[in-house]
Each structure stands twice: as C-alpha cells, then as structure tokens.
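A.B. asks: okay, predicted coordinates and the sequence, questions at the end:
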Amino acid sequence: PPAPNHRRVAAPGPAPPGPAGPGGAGPGAATRRWFGAGGAVLARLGLLGLLGLLGLVAACGAEDRTGGGPAAAATTRSPFAGCTALGSAPPSAPATVTAKTASTLPDLELPCFTGGAAMRLNQLHGPAVVNLWASWCGPCRTELPAMQQLADQAAGRLTVLGVNTGDDREAAASFGADHRVTLPTLYDQDKQLVRKLGYASLPVTIFVNEAGRWHVDPLPLDEGTLDSAVQTWTGVTVTP
C-alpha cells in the first residue's frame, strides 16, 4: 500500500504589508499619509502660535512705552500752579504764623511739578493741607477734585498743596487738566514722602496747623469728611 502523506500544512500567518511606494495602498502608507497631513497641520499651528506670541510681546512693549514710564514724553501742558508762594504763610494768617520759618514736616526737597523749582517741605507754613495722590490711584481720582474745591473755598486762609507721587508726568498733567485741578503741586516720582511717612498706599493727606504741627490721614476723604478734618486739625472753617 502507498505510504501515508505526512506533510505539514503551515498555519496561515499575517498578510504581508502592502507596497511602500507612493501609490501603495497598505496600512503603512495610510499611516504615513495621516501623519504627513497631521505634521503639516501641526507645523502651521506652530507657526501661527509663534506669530501670535511675537505679536503679544510687541503689544506689551508698545504699552510699556506709552503707559507712563519715566521715559514717556509729556505732551500735556502742566495745569498746576507754580510753587513760589509756598514758602509764605497764607495772606490771612496771624502775624505770629507769618513770622515762622518752618514746620515740623519731614526735611525733604522735591521739585515743583510746574517749572521744576525745588522746595523743602519743612518750609511750608500752616495752616495747610498736603495731599499725596497719583493718576493711577482710584480713590485719589475721586478725592483730588475735592482738594481743588477746598483750595478755592479757603483761598487766602489755607494753603492746599498736592504731591504727585510715583506717577508719570504726562498722566498726571492730563488728569489734572481734564478735572480742572490747578492747585500747586510737587512731583515725587520716587515716592520719597509717602515712604518717610511710613505708608505704602495712596491717598495720604497731611493737615498742618498754624503752629507747624501736623496730622496724617491715610484714608480717602470726600467733601464732607475733608471739611471736618480741616477744621479739626488746622482750625480753619471751610464755608461754601
């Protein structure tokens, strides 16, 4: 009898990959096409992201240049009065006050905002109100017009002095012009006075009486509280 056939039949294995050429239709080609398209998309997104980042940096730089740094050029004329009369007592002050030569305020020299003439703060005669403010300070923007109203109502009896603090000159001049603030103002860009007084925020108001003694109020004031504080700490009654 014929011998039995003992040939082994190989088990079917995985199909071989399709052609790898450009026109191949195998899964490898499909995968490469997917990644190729995705890579192009990712590359485009990366380029757009880089351009956006560069645009953001450029915008921040432009904002810094126009946002009121020390190098920003002032284009608004100073609306504030000069400081030449600040070394004298108010015209209606008693003769004993007129004869005084100094107050007990910190011995600090600051330039006048208008004209730049230097003034020593302890040469200010009372009765007086000194208001430290900045255009970037929200409560100051509300309080400063009240200080101007005080200066108008108590003219000749009380000196009202502003100290623009840690501010850009252009921003301060623009705010003053927009709100018709004309009271004499010193310029303290480095915040020397507020630091000497021991405070870190604005506004700060100093009340000086006719004897040269002073009181500091570090809270925002409105017309009512300002008039009351003036009478309490300087002895001057404010009448509308």
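C.D. replies: On my side now, so go ahead.
A.B. asks: which helix or strand contains Leu226?
C.D. replies: Element membership of Leu226, judged by DSSP states H and E, is helix 223-234.
A.B. asks: can you mark which positions in that helix are buried?
C.D. replies: Glu223, Leu226, Asp227, Ala229, Val230, Trp233, Thr234 (16 or more other CB atoms under 10 Å). (C-beta placed from N, C-alpha, C; glycine too.)
A.B. asks: now tabulate these in TSV and tack on distance to Val208 and pLDDT.
C.D. replies: Output for the buried residues of helix 223-234, formatted as TSV (distance: CB to CB, whole Å; pLDDT from 0 to 100):
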residue	distance to Val208	pLDDT
Glu223	20	92
Leu226	15	97
Asp227	16	95
Ala229	12	97
Val230	11	97
Trp233	8	97
Thr234	7	96
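A.B. asks: which residues in the protein form helices?
C.D. replies: 27-66, 95-98, 138-153, 169-178, 192-197, 223-234 (DSSP state H).
A.B. asks: just to revisit the earlier point, need the buried residues of helix 223-234 in CSV (columns: distance to Ser135).
C.D. replies: CSV is the format used below for the buried residues of helix 223-234 (distance: CB to CB, whole Å):
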residue, distance to Ser135
Glu223, 20
Leu226, 20
Asp227, 24
Ala229, 23
Val230, 24
Trp233, 26
Thr234, 26
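A.B. asks: please name the nearest non-neighbouring residue to Thr234.
C.D. replies: Leaving aside its chain neighbours, Thr234 sits nearest to Pro127 (3.8 Å; criterion: CB to CB, 6 or more residues apart in numbering).
A.B. asks: what's the neighbour count on Ser181?
C.D. replies: Wrong residue type there; residue 181 is Val, not Ser. Look at Val181: counted by other CB atoms under 10 Å, it has 22 neighbours.
A.B. asks: do you know how far it is from Ser135?
C.D. replies: Relative to Ser135, Val181 is positioned 10 Å away (CB to CB, to the nearest Å).
A.B. asks: overlap of the contact sets of these two?
C.D. replies: Shared contacts of Val181 and Ser135, defined by CB atoms under 8 Å, 6 or more residues apart in numbering, comprise Phe175.
A.B. asks: quote the end-to-end distance of stretch 107-121.
C.D. replies: 6 Å (CA to CA, to the nearest Å).
A.B. asks: name the residues that touch that stretch?
C.D. replies: 78, 80-84, 86-87, 105-106, 122, 130, 162-164, 169, 172-173, 184-188, 192-193, 196.
A.B. asks: how about 7 Å then?
C.D. replies: The contact list for stretch 107-121 (CB atoms under 7 Å, 6 or more residues apart in numbering) reads 78, 80-83, 86, 105-106, 122, 164, 185-188, 192-193, 196.
A.B. asks: thanks a lot, see you next time.
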